[in-house]
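J.: model the structure of this input:
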Amino acid sequence: MVRVRRADWAAEFVVADDGPGLGAAEKERIFEPGYRGVAAAGDEDGAGLGLALARRLARAVGGDVEAISNGSGASFRVRIPVSAS
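T.: Numbering: from 1, shown residues only. Sure, this is the predicted structure:
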């Protein structure tokens, strides 16, 4: 699922899946370059760079990417500043 809305100063994108989700200890660690998370164990694809790059790009323009709880699966909120025009 992807939800997009304007929230105060930012465009907000929430991306959610129905996979195994994130452990509490992983909520920040998954943003470290090269870390792939417990759910990726045994999966040969990927290098663990996607979330690290997404957060770095969002922060470069004054936004952020964060892991949020959705009860099951994983959810991520991306906020990017928007102009008032």
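J.: what ranges does the protein have for its helices?
T.: For the chain, the helices defined by DSSP state H occupy 26-29, 50-60.
J.: would you mark the buried spots in the first one?
T.: Spelled out, it's helix 26-29. Glu26 (16 or more other C-beta atoms under 10 Å). C-beta: built from backbone N, CA, C; applies to glycine.
J.: hang on, the earlier thing: least confident of the helices of the chain, on average?
T.: Of all those, mean pLDDT reaches its minimum on helix 26-29 (a mean of 90).
J.: by contact count, what packs against that helix?
T.: Packing partners of helix 26-29 (3 or more C-beta pairs under 8 Å, 6 or more residues apart in numbering; DSSP states H and E): strand 64-68.
J.: where in this structure is pLDDT low?
T.: Across the chain, the ranges flagged by pLDDT under 70 are 38-43, 70-71, 84-85.
J.: at the geometric centre of it, which residue sits there?
T.: Among the residues of the chain, the one closest to the centroid is Phe76, at 3.7 Å (C-alpha atoms, centre = their mean).
J.: just put the helices of the chain in CSV and tack on distance to Ala11.
T.: What follows is the helices of the chain, written out as CSV (distance: least, C-beta to C-beta, whole Å):
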stretch, distance to Ala11
helix 26-29, 23
helix 50-60, 11
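J.: Asp8 is nearest to which of those helices?
T.: Checking the helices of the chain against Asp8 by C-beta to C-beta gives helix 50-60 as the closest, at 15.6 Å.
J.: who's in contact with the closest one?
T.: Residues from elsewhere that reach helix 50-60, judged by C-beta atoms under 8 Å, 6 or more residues apart in numbering: 30-35, 64-65, 76, 78-80.
J.: fine by me, we can end here.
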